[in-house]
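Sequence first, predicted model second:
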Amino acid sequence: MDGNRRGWGQCLLSGAVFAVCMAGTTLPTPLYPLYQEKFGFSELTVTVVYAVYAFGVIGVLLLAGNASDTVGRRPVLFAGLGCAAASAVCFLSAAGLGALYAGRLLSGLSAGLFTGAATAYVMDLAPPGGASRATFVATAANMGGLGCGPLLAGLLAQYAAWPLYLAFAVHLALVAGSAVALLWLPETVRDPRPLSTVRPQRPGLPRQVRAVFVPAAIASFVGFALFGVFTSVSPAFLAESLDVDDHAVSGAVVALAFFASTAGQLAVGRVGVGRSLPLGCTGLFAGLALLAGALRWDLLALVVLSAVFGGFGQGLAFRGALSAVAGASPADRRAAVISTLFVVAYAGISVPVIGVGVLAVSIGLEDAGLVFIACMAVLVTTAVGYLLRRPVPTRA
């Protein structure tokens, strides 16, 4: 009993460290309108600043996604916390766009280092027989942390002093506390090897996975693209079109999408992998339709509903996609296939967002958003049609 209690204590503590790191990646979200005022840049620049984060994540996934299996979990997590701290320092000292780009890139590096290593660490520390509960801890820490970032920054920016600085100072203190906690936690990789033995993890797609991968990749791309738009330009839309200048409200709307995604991921266990992908795609379509209505009629209620339905659909679809792809992959290629899926997903969080920024310059933010929604709706409808013809095997 004492061993189980200790194991769950370590598992939960590692989950808290995971959440702290992920919160830092979404911390700037409700602050972008303030940065626009301070530095005088366009909506296109906001989307590029945001997308730099995804490039950092993709780079780490490709070059060092499997590093924690080689050198150990703790060294990789310490490196991730170091990048998170450096990112906070960049935002605290920001005197121009260069610091914002650097801060977002470092934030992406921290998320890339944590995504795989922290998930594995939480699972490693769980007591025997606790894999299912450990998965819940990892999922809640990841998506819950992403949701807490904009919520914290929005509340502090609205109701406390130094709106562009206090959130990052608080996060820096939390990162320092996380480093102390990580010092107390044990290493779980036996016989770690030197860093020089780490090799880049090349994406791969065996023939037998392709039929499952196509709809899974489309759903992942659309889901992450929807999150990308929510976390980059929704604060500007709320301010410009709905006259919502309350940073706490804009942060809460974005946080709601991440919390709904957590609920969607947890629902996969009950829904089943075979049904979670088409149902998740349906939720994504509903979220896109509600967001189109919000843009067309300037209604805050529809933005909130879009966050709920789109977030839940994203969580349901992405965890279903991950499970389906992992189940269809041969054991010796599974890590490479999953890395490929994450690369596609993070391409969704960057490329379409930059596209929205480019269009916003010439046709305005609302019309650019409608074009984005139409393109994503076509993609998700294609995925649903494919799944109706070729359902995901229930054994996935």
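On my side now, so go ahead. Numbering: from 1, shown residues only.

Tell me which helix or strand in this structure has the weakest average pLDDT.
helix 334-348 (a mean of 83; mean pLDDT, DSSP states H and E).

Return the list of helices and strands in contact with that helix.
helix 43-64, helix 210-232, helix 300-328 (3 or more CB pairs under 8 Å, 6 or more residues apart in numbering; DSSP states H and E). Heads up, the C-betas are built off the backbone N, CA and C, glycines and all.

mind running it again at 10 Å?
helix 43-64, helix 97-125, helix 210-232, helix 300-328 (3 or more CB pairs under 10 Å, 6 or more residues apart in numbering; DSSP states H and E).

Following element in sequence after the first one, please.
Moving toward the C-terminus from helix 43-64, the first helix or strand encountered (DSSP states H and E) is helix 67-71.

Restricting to C-alpha, output that next one in CSV.
The C-alpha coordinates for helix 67-71 follow below in CSV (Å, rounded to 0.1, in the frame of the first residue of the first chain):
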residue,chain,number,x,y,z
ALA,A,67,16.2,11.1,-26.8
SER,A,68,14.6,10.3,-23.4
ASP,A,69,14.7,6.6,-24.2
THR,A,70,18.5,6.9,-24.7
VAL,A,71,19.8,9.5,-22.2
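
Give me the buried stretch members for whichever helix or strand comes after it, please.
For helix 67-71, the succeeding helix or strand toward the C-terminus, using DSSP H and E, is helix 73-92. By 16 or more other CB atoms under 10 Å, the buried positions in helix 73-92 come out as 73-92.

pLDDT below threshold where in the stretch 251-396 of the chain?
Filtered on pLDDT under 70, the stretch 251-396 of the chain yields the residue ranges 331-332, 335, 393-396.

let's go with 90 and repeat that
Along the stretch 251-396 of the chain, segments meeting pLDDT under 90 span 268-274, 319-343, 346, 349-350, 384, 386-396.

Also the stretch 51-200 of the chain?
With pLDDT under 90 as the threshold, the stretch 51-200 of the chain has low-confidence stretches at 61-70, 115-116, 119-120, 123, 128-136, 139-140, 190-191, 193, 195-200.

circling back: kindly reformat the helices and strands packed on helix 334-348 as CSV and extend each row with mean neighbour count.
Formatted as CSV, the helices and strands packed on helix 334-348 follow (neighbours: other CB atoms under 10 Å):
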stretch, mean neighbour count
helix 43-64, 22
helix 97-125, 23
helix 210-232, 25
helix 300-328, 24
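
Looking at the ones you listed, spot the one closest to residue 354.
Ranking those by proximity to residue 354 (CB to CB) places helix 43-64 first, at 5.1 Å.

what about residue 363, neighbour count?
Residues near residue 363, counting by other CB atoms under 10 Å, number 12.

actually residue 281, not the one I typed
Counted with other CB under 10 Å, residues neighbouring residue 281 total 30.

My read is that it contacts residue 309, right?
No - if you go by CB atoms under 10 Å, residue 281 and residue 309 don't touch, sitting 11.9 Å apart.

Which parts of the helix or strand that the least confident helix or strand of the chain is followed by count as buried, going by neighbours?
Scanning forward in sequence from helix 334-348 by DSSP H and E, the next helix or strand is helix 351-363. For helix 351-363, a neighbour-count test (16+ other CB under 10 Å) marks 352-357, 359-360 as buried.

Likewise for stretch 165-183?
Under 16+ other CB under 10 Å, the buried positions of stretch 165-183 are 165-168, 170-172, 174-175, 178-179, 182.

For residue 241, find the nearest of the helices and strands packed on helix 334-348.
helix 300-328 (9.7 Å).

Tell me the helices and strands packed up against that closest one.
Short answer (3+ CB pairs under 10 Å, 6+ apart): helix 300-328 packs on helix 131-159, helix 210-232, helix 234-242, helix 247-271, helix 273-297, helix 334-348, helix 365-389.

That helix vs helix 131-159, what angle?
150 degrees (axes from the mean of the first three to the mean of the last three CA atoms, to 10 degrees).

Quickly note the distance from residue 343 to residue 61.
Applying CB to CB, to the nearest Å, one obtains 6 Å for the distance of residue 343 from residue 61.

and for the two, which residues touch both?
Residues touching both residue 343 and residue 61 by CB atoms under 10 Å, 6 or more residues apart in numbering: residue 203.

pretty sure residue 258 is touching residue 150, no?
Yes - between residue 258 and residue 150 there is a contact under CB under 10 Å: 8.1 Å.

Pull the contacting residues for residue 50.
28-29, 32, 100, 104, 228-229, 231-233, 349-350, 353-354, 357.

closest to residue 211 among those?
Checking these one by one against residue 211 (CB to CB), the nearest turns out to be residue 349, at 25.0 Å.

so what's the closest one up against?
Residues counted as contacts of residue 349 (CB under 10 Å, 6+ apart) are 50-51, 53-54, 57-58, 220-221, 223-229, 231-232.

Brilliant, that's me finished.
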